[in-house]
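Student: Using only what follows, build the 3D model:
(2 chains)
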There are 2 protein chains.
Amino acid sequence: MTIRIFEPLFHARSATFVGASNDPGKWGFRTLKHMIDGGFEGNIYPVNPKENEIQGLTAFKSITDLPDTPDLAVIIVPPPAVPAVIRECVAKGIKAGIIITAGFAETNAEGERLQKEIVETAREGGMIFTGPNCNGLMSPRNKQYIQFPSFYVPPGPIGIITQSGNVMDSLSYQIGMHGFGCSVCVASGNEALLHSEDYLEYLGDDPHTKVILSYIEGFKDGERFMEIAGRVGKKKPIVMLKAGKTQAGARAAASHTAAIAGSDAVFDAICRQSGVIRAGSLDELLHMGLAFLRQPLPKGRGLGIVTAGGGWGVMAADACEELGFDVVKLPDETIRELDKLLPAWWNRGNPVDLVAGAAVDNIFKSIELVMQCPSVDAMMFLSIMPAMRKETFDQPHNAVEREEWGKQMIVAIANAMDEFNAIADKYGKPLVVASEHMWANQYEQAAIEYAVGGRNAICYRMPGAAARVLDALVKYGSYVNRKS
Amino acid sequence: MTIRIFEPLFHARSATFVGASNDPGKWGFRTLKHMIDGGFEGNIYPVNPKENEIQGLTAFKSITDLPDTPDLAVIIVPPPAVPAVIRECVAKGIKAGIIITAGFAETNAEGERLQKEIVETAREGGMIFTGPNCNGLMSPRNKQYIQFPSFYVPPGPIGIITQSGNVMDSLSYQIGMHGFGCSVCVASGNEALLHSEDYLEYLGDDPHTKVILSYIEGFKDGERFMEIAGRVGKKKPIVMLKAGKTQAGARAAASHTAAIAGSDAVFDAICRQSGVIRAGSLDELLHMGLAFLRQPLPKGRGLGIVTAGGGWGVMAADACEELGFDVVKLPDETIRELDKLLPAWWNRGNPVDLVAGAAVDNIFKSIELVMQCPSVDAMMFLSIMPAMRKETFDQPHNAVEREEWGKQMIVAIANAMDEFNAIADKYGKPLVVASEHMWANQYEQAAIEYAVGGRNAICYRMPGAAARVLDALVKYGSYVNRKS
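Tutor: Prediction:
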């Protein structure tokens, strides 16, 4: 397939909603409402034989009645009515569809028959479609939000392909909350016609997509996926979360999207072969994706840790060694240089425990000294407070002053993240940061996440999360450097 | 030891700070400042030979000069000066101390010698002390905040024992952010005199402590720990996070708190034998602790899942089966009853996928139907929005109305949590909930967490976290029901 056939799907200039509704309890209401509220700039044609106006837009009795041919048809009518709608789309010359409707191959034999019928009609008519049994797609640059939740992820470099609508929703939501954005998000549903690997090929060619995140329950065509992933992975990182690993999960997947989950070992092999990075949870999927946007790829597993908290250092060392990192012994020369910067009672080991009392300049110099060690391929820094170029223990009691102080603290964190990023760039080695922000109230916590995202960075909450991100960076680094 | 000897440590009526300072860069400043700002109501006597006044309080030249005998001495002088201070404390009749100072057994032979000396002096003088090399303790009911960060966790039912100060800080901070509070938190440092098991014994007897969370790098006396934990665990749950599992972690632990990490397998055996629930990360430690405050203990591993999101259901089934849960086949009778409540295309399996369109009353009824199955010992509910007794898709565009709407949504979530808790109580089986809140902005996210905590509940962010909590509940349930 070429990237061009996806244009009407992902960058529609106009769209019809078949099954549009004025009833707020219906999907035909919500998907249309979010398309309107999201600010779509092209024509929108609601289709519903019983209405003259829907959500302020002129409604049409059928697709045949539309004044022109829209790029995209969003279909939200009951299953038995879908085949006729697809035939009408084809007759009208509509090139792309999204079938939200559930009740096809994931339910019973009749559903399976209906699904076959719509695939054949669309194929013969030169139409592509997403779904059925999906909850839409988002193309933020095109302000094209065909979705269930009232959240509009901004444009950005992250592409999402998922076989679960609520995974698309929660992932894009979290991306927005972290101050990042998406190129295209698609919930592929039953994948009757377009498969995950088709979207993957599209996102591989899409210049706006820098990293691809995917949730999958089962492959329709594992070999083709491998071939495409292997190719796309050389251009940009692909991170995947596979569900349906266990028997209970596989049963649930079958009834969810009619997916055949397949063996977990086979999936692991596919990932290794094709350079796909595997995430263990939704949070990991997000964390790894954001790291790929910013961090240099490490050349090996030699690790340096600098920490402003002893316990966090121990937990980080555990988490990293368990993942196969070598928390290296620092050269004597480096220890001697660090001796000049740190309080007399520092631990002279790796993790470098800064202990209280190190000056902020010396903290950054210490990180650089560790970065300079040839045996260090990647670094982790823990507990950001002492690395902030702001007195952090002067919290005012007065509420107005306290609020202003909080804002300054957030800026100071974002600035510190810039300094960390600059060191990573200077040495071409990743430097991931994990920290609590114990001065912050709940609202400031959330604001920190967003402000740090504005610097194209993420500050992980826990050392374990930061360790898993480093592992993903190493794995992808070794894939792109593989001779083949 | 009896609970009484801990009184001057945890419920001091007055305290002296030896090494108190007016220099904001020093620990002697921060610990004293936080004690004052925390609202401690007893006398505070700063001791510093060079000052007449410290942070607005009259300063004294030495302990000998104090006008009376305080309950507690907080010691923040350099290591070589500590033995003399302990001798003065004993001479004055002070019964408890906290030695913040680092530079003892965790550094070198001289440090080890000093540490032995202070232990001997204190023992002979009938004085107990926490540390050295720790960052204090908090006793919120006594407004006694001797700590590094400017965060004051409120009083509540959670006791914390940790060998890392920054773990105490981040854990108590997260507890506060989740709307809960602490009975006593102690950072035990090098445990020269008082060990983790001593604090455990104290918290076991403390009527205000309902659950005990602990971070440990190594035991001073594994057998005594086991004996005490086994006893305390029959009265209240103990959840522990063990660090120093790997070689890198163990090395870091040795230089952090002079802890001998010991084998991970041995720790596992100790936990199983003594009913200690093991957490894999700080987040798990928190999540498990909060669950024990509220949830009934399950009798087995039969699990029912009800989900408003298909993908989340698959991920939950995976996570639960991997932990050894049996995601049970629902009886035909239950399926028939559910048929009356759910849309025709529901999946007729477990997880029960509610699909869009189930009425809110029917959602709660569906959960009850699954609860009633004899094979179900515990339940998980995923994605809270459809279970809220409030129209959730009517988000206003106007900013003022939007803010008010957000507040109503938060109340609706808290109310839904009450309904879930009531079902758990009615059937005596745990019901854990995981959900995103995709309508919420960053600030509302944080407010939800806090509001839900006000109902003595927690809504987990991800199915995996909820699964690990259920596993902890089962393990503890089987320990307390064990005949012995």
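Student: domain parsing for chain A?
Tutor: Using automatic domain parsing, the domain parsing of chain A gives A:1-138, A:153-293, A:296-480.
Student: Check the offset of the longest one from the chain's centre.
Tutor: Okay, so that is domain A:296-480. On the basis of CA atoms, centre = their mean, to the nearest Å, domain A:296-480 sits 23 Å off its chain's mean C-alpha point.
Student: near chain B, which residues of the stretch 101-250 of chain A show up?
Tutor: Within reach of chain B by CB under 8 Å from any CB of the partner chain, the stretch 101-250 of chain A has these residues: A:102-103, A:106-107, A:148-151, A:162-167, A:169-170, A:173-174, A:177, A:215, A:217, A:243-249. Every C-beta, even on glycine, is put in place using the N, C-alpha and C of the backbone.
Student: ok, 6 Å please
Tutor: Counting by CB under 6 Å from any CB of the partner chain, the stretch 101-250 of chain A comes close to chain B at A:102-103, A:107, A:149-151, A:164, A:166-167, A:169-170, A:173, A:177, A:217, A:243-246, A:248-249.
Student: what about the strands in the stretch 251-400 of chain A?
Tutor: Assigned strands in the stretch 251-400 of chain A, in chain order: A:277-279, A:302-307, A:326-327, A:352-353, A:378-382 (criterion: DSSP state E, counting those that start in this stretch).
Student: Compile the ones you listed into a markdown table and extend it with columns for distance to chain B.
Tutor: Shown next, in a markdown table, are the strands of the stretch 251-400 of chain A (distance: least, CB to the nearest CB, whole Å):
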| stretch | distance to chain B |
| --- | --- |
| strand A:277-279 | 11 |
| strand A:302-307 | 8 |
| strand A:326-327 | 4 |
| strand A:352-353 | 7 |
| strand A:378-382 | 9 |
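Student: Could you dump those strands into CSV with distance to B:P386 added?
Tutor: Converted to CSV, the strands of the stretch 251-400 of chain A look like this (distance: least, CB to CB, whole Å):
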stretch, distance to B:P386
strand A:277-279, 27
strand A:302-307, 43
strand A:326-327, 47
strand A:352-353, 48
strand A:378-382, 40
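Student: B:P343: which of those is closest?
Tutor: strand A:277-279 (31.9 Å; CB to CB).
Student: hang on, the earlier thing: quick check on the residues of the stretch 101-250 of chain A next to chain B: which are buried?
Tutor: Buried members of those, scored by 16 or more other CB atoms under 10 Å in any protein chain shown, are A:102-103, A:107, A:149-151, A:164, A:166-167, A:169-170, A:173, A:177, A:217, A:243-246, A:248-249.
Student: Can you pick out the ones from these that are in helices?
Tutor: With DSSP state H as the criterion, helices contain A:N166, A:V167, A:D169, A:S170, A:Y173, A:M177, A:A248, A:G249 from among those.
Student: pLDDT and distance to B:F420 for those residues - can I get that in TSV?
Tutor: Shown next, in TSV, are these (pLDDT from 0 to 100; distance: CB to CB, whole Å):
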residue	pLDDT	distance to B:F420
A:N166	87	19
A:V167	92	23
A:D169	92	22
A:S170	90	20
A:Y173	93	22
A:M177	91	24
A:A248	87	22
A:G249	86	23
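Student: Run a quick neighbour tally on the residue of the stretch 301-450 of chain A found nearest chain B.
Tutor: Nearest residue of the stretch 301-450 of chain A to chain B (CB to the nearest CB) works out as A:G311 at 2.3 Å. Counted by other CB atoms under 10 Å in any protein chain shown, the residues lying close to A:G311 total 33.
Student: Quick check, it in contact with B:Q163.
Tutor: No - A:G311 sits out of contact with B:Q163 when judged by CB atoms under 6 Å, with a separation of 7.1 Å.
Student: thinking again about what came up before, just say which of the domains of chain A is most tucked in.
Tutor: Comparing the domains of chain A by mean neighbour count (mean count of other CB atoms under 10 Å in any protein chain shown), domain A:153-293 comes out on top with a mean of 22.
Student: list the contacts for A:S14?
Tutor: A:G42, A:N43, A:P70, A:D71 (CB atoms under 6 Å, 6 or more residues apart in numbering or on different chains).
Student: Can you give me the distance of it to A:V184?
Tutor: Going from A:S14 to A:V184 by CB to CB, to the nearest Å gives 18 Å.
Student: and what of A:I413?
Tutor: From A:I413 across to A:V184, the span is 31 Å (CB to CB).
Student: Give the closest residue to A:I63 in space, chain neighbours not counted.
Tutor: A:E88 (4.1 Å; CB to CB, 6 or more residues apart in numbering or on different chains).
Student: quick one: the one you found is in a strand?
Tutor: No - under DSSP: H, G, I helix; E, B strand; the rest coil, A:E88 sits outside any strand and is assigned helix.
Student: Please report how far it lies from chain B.
Tutor: 23 Å (CB to the nearest CB, to the nearest Å).
Student: doesn't A:F60 make contact with that residue?
Tutor: No - A:E88 lies out of contact with A:F60 (CB under 6 Å); the separation is 11.3 Å.
Student: Give me the three-state assignment for A:I44.
Tutor: Of the three states, A:I44 takes strand under three-state DSSP.
Student: That one: what's it in contact with?
Tutor: Residues counted as contacts of A:I44 (CB under 6 Å, 6+ apart) are A:A15, A:L57.
Student: Swap in 7 Å and give it another go.
Tutor: By CB atoms under 7 Å, 6 or more residues apart in numbering or on different chains, the contact list for A:I44 reads A:A15, A:F17, A:M35, A:I36, A:L57.
Student: okay, it: pLDDT?
Tutor: Per-residue confidence (pLDDT) for A:I44: 98.
Student: what do you get for A:G428?
Tutor: For A:G428, the predicted pLDDT is 97.
Student: Please name the nearest non-neighbouring residue to whichever residue of the stretch 51-200 of chain A sits closest to chain B.
Tutor: Residue nearest to chain B within the stretch 51-200 of chain A: A:S164 (2.3 Å; CB to the nearest CB). Leaving aside its chain neighbours, A:S164 sits nearest to B:G311 (2.3 Å; criterion: CB to CB, 6+ apart).
Student: what's the most distant pair in the ones in helices among the buried ones among the residues of the stretch 101-250 of chain A next to chain B?
Tutor: Maximum distance among those (CB to CB): 30.2 Å, for A:M177 and A:A248.
Student: Also compute the angle for the one helix or strand in chain A whose mean pLDDT sits lowest relative to strand B:302-307, please.
Tutor: Lowest on mean pLDDT, DSSP states H and E among the helices and strands of chain A sits helix A:247-257, with a mean of 83. Interaxial angle, helix A:247-257 versus strand B:302-307 (axes from the mean of the first three to the mean of the last three CA atoms, to 10 degrees): 20 degrees.
Student: helices or strands next to helix A:247-257 in the packing?
Tutor: helix B:310-322 (3 or more CB pairs under 7 Å, 6 or more residues apart in numbering or on different chains; DSSP states H and E).
Student: so for the helix it packs on, what's the average pLDDT?
Tutor: Mean predicted lDDT for helix B:310-322 stands at 94.
Student: separation between the most far-flung residue of chain A relative to its centre and A:L338?
Tutor: Residue distances from the centre of chain A (CA atoms, centre = their mean) peak at A:A344, which lies 44.1 Å from the mean C-alpha position. According to CB to CB, A:A344 and A:L338 sit 12 Å apart.
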